[in-house]
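A.B. asks: 3D model of this:
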Amino acid sequence: MSQNLLALYGLKWNPFSADLPIAAVSVPPKVEDFCWRIEHALVREGGFALIQGDPGTGKSVILRLLAERLSQLPDLTVGAIHHPQSNLADFYRELGDIFAVSLKPSNRWGGFKALRERWLTHLDATRRRPVLLIDEAQEMNAPVLCELRLLSSARFDSQSLLSVILAGDARLTEKLRREELVPLGSRIRVRLHTESASRDELLGCLEHLMAEAGNAGLMTAGLCQTLCDHAMGNYRVLTQMAAELLAAATQRQLDQLDEKLFLELYGPPQQPARRKTAR
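C.D. replies: Numbers count the residues shown, from 1 in each chain. Model prediction:
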């Protein structure tokens, strides 16, 4: 959204954009508690954490929040897997790129040793485990998940070398119940289940976003209630509808977003009036 359009409503940024500044994100108490446990326990002790929930319930936003907070910790290495669908060889290549380790795909044992040595060096120097964030983890192949479990543990599984946060939908939970992945599922130490939001939670999020962007009165109270009623408990649906309304309002140079605009965009199409036929 251009600066001119933002200025029309006195906004510092688009409050409904997917790349919203992380400082402006609304953080519910259970998410705050989960992030605290990652920052103060998991990065010191290592192991696996899981964020699981339906699409649009905030999993990726929580990973962004974690990445931002963890980056503030001194001397902590934080990396993210961007291609979870990789086969085992490509997975090693991506790990090598993240942790600055030169790996040869033809020598997996050498890569295995080099990565573990890098993580041990990091642990000895900082007393914290490096962190690996994986979004859309339900797309990962079972052999890759098994390899990650073996890579990240030492001393007969008594020492964790890495902190791994997996985020995915219900398919990930089902995958972790598979026989070959039960050992990984049993090692998940911290869990967060993101659920459909209540009407009050949606309303609180919407009001927070507008206030943080600089215009708490961007929408009428009636429109806020209407959006929350039609968002199906999904934050993504809520912000996408709000973004469409804001775009339409700026095009029409409206002073405020209201229910009339909502009906024009999302209301049922009006049926053309029937012409009376002469008898």
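A.B. asks: Spatially, and excluding backbone neighbours, which residue is closest to the residue nearest to the spatial centre of the chain.
C.D. replies: Nearest to the mean C-alpha position of the chain, counting by CA atoms, centre = their mean, stands Ser60 at 0.8 Å. Once flanking residues are discounted, Ser60 sits nearest to Asp135: 5.6 Å by CB to CB, 6 or more residues apart in numbering. In this view, the C-beta of every residue, glycine as well, is placed from N, C-alpha and C.
A.B. asks: neighbours of that neighbour, just the number please.
C.D. replies: 20 (other CB atoms under 10 Å).
A.B. asks: again with Leu206
C.D. replies: The number of residues packed near Leu206 is 25, by other CB under 10 Å.
A.B. asks: need the contact list for it.
C.D. replies: Contacts for Leu206 were tallied using CB atoms under 8 Å, 6 or more residues apart in numbering; they are Met219, Cys224, Leu227, Cys228, Leu238, Ala242.
A.B. asks: Kindly recompute the last result at 7 Å.
C.D. replies: Cys224, Leu227, Cys228, Leu238, Ala242 (CB atoms under 7 Å, 6 or more residues apart in numbering).
A.B. asks: gap between it and Leu11?
C.D. replies: To Leu11, Leu206 is 14 Å away according to CB to CB, to the nearest Å.
A.B. asks: Show me where the stretch 101-250 of the chain has its helices.
C.D. replies: For the stretch 101-250 of the chain, applying DSSP state H, counting those that start in this stretch gives helices covering 108-126, 142-151, 170-175, 182-185, 199-213, 221-230, 235-252.
A.B. asks: Going by contacts, tell me the helices and strands next to the second one.
C.D. replies: This points to helix 142-151. helix 88-98, helix 108-126, helix 182-185 (3 or more CB pairs under 7 Å, 6 or more residues apart in numbering; DSSP states H and E).
A.B. asks: can you pull the buried residues of that helix?
C.D. replies: Val144, Leu145, Glu147, Leu148, Arg149, Leu151 (16 or more other CB atoms under 10 Å).
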